[in-house]
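K.L.:
structure here, sequence nowhere to be found:
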């Protein structure tokens, strides 16, 4: 147990090590490497995958971008649902289950009927395979930024950096919300939502 705690502490300490300056060149576009690379860490690659597996970087960046977008929606959804803002009507008329009857937090998934969970999974599969395929690495799915295409490269880079960093924060945020909800029944540790 002590060895596991020590390994976890040493692994997390590596996150605060200074960025290496003499990186080997890769076949990647430098602009893609710069997106999400902010001070003080620069390009965050604690496992050295850019040097050992540079061909997999685009896929990992696309997955990070997509998970960040999902996490941002999850954080907003969690805040809305924990403030008891719900849809009117029934989630399942046959089960006489209203949207307002679904409990807030992690326990809410257990209240959704199996047919509803299957509909959600089929929708995710449709989006993943047809509309936003995992093979499209650039993250541009043709909808623009609120319907507007950004022509200025500096502004686009700034907004992409903000998206990556907000997505990273949201991934940690939704993880914290779920952990506190399960452990203490309070998803937001400083605010009592009950």
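P.N.:
The structure has been received and is ready for your questions. Nothing here was measured: the structure is a model prediction, and the numbers come from that model.
K.L.:
neighbours of residue 105, how many?
P.N.:
19 (other Cβ atoms under 10 Å). Where C-beta positions appear, they are placed from N, C-alpha and C, glycine not excepted.
K.L.:
who are the packing partners of whatever helix or strand residue 81 lives in?
P.N.:
Residue 81 is part of helix 57-82 when elements are defined by DSSP states H and E. Here helix 57-82 is seen to pack against helix 30-34, helix 49-52, helix 153-184 when contacts are counted using 3 or more Cβ pairs under 8 Å, 6 or more residues apart in numbering; DSSP states H and E.
K.L.:
just want the angle from it to helix 153-184.
P.N.:
Comparing the axes of helix 57-82 and helix 153-184 via axes from the mean of the first three to the mean of the last three Cα atoms, to 10 degrees yields an angle of 50 degrees.
K.L.:
give the buried residues for helix 57-82.
P.N.:
Within helix 57-82, the residues that qualify as buried by neighbour count (16 or more other Cβ atoms under 10 Å) are 57, 61-62, 64-66, 68-69, 71-72, 74-75, 78, 81-82.
K.L.:
tell me the contacts of the residue nearest to the spatial centre of the chain?
P.N.:
Nearest to the geometric centre of the chain sits residue 68, at 2.6 Å (Cα atoms, centre = their mean). For residue 68, the residues meeting the contact criterion (Cβ atoms under 8 Å, 6 or more residues apart in numbering) are 163-164, 166-168, 170-171.
K.L.:
go on, residue 173?
P.N.:
Contact analysis of residue 173 by Cβ under 8 Å, 6+ apart lists 71, 75.
K.L.:
try 10 Å
P.N.:
Counting by Cβ atoms under 10 Å, 6 or more residues apart in numbering, residue 173 makes contact with 71-72, 74-75, 78-79, 166.
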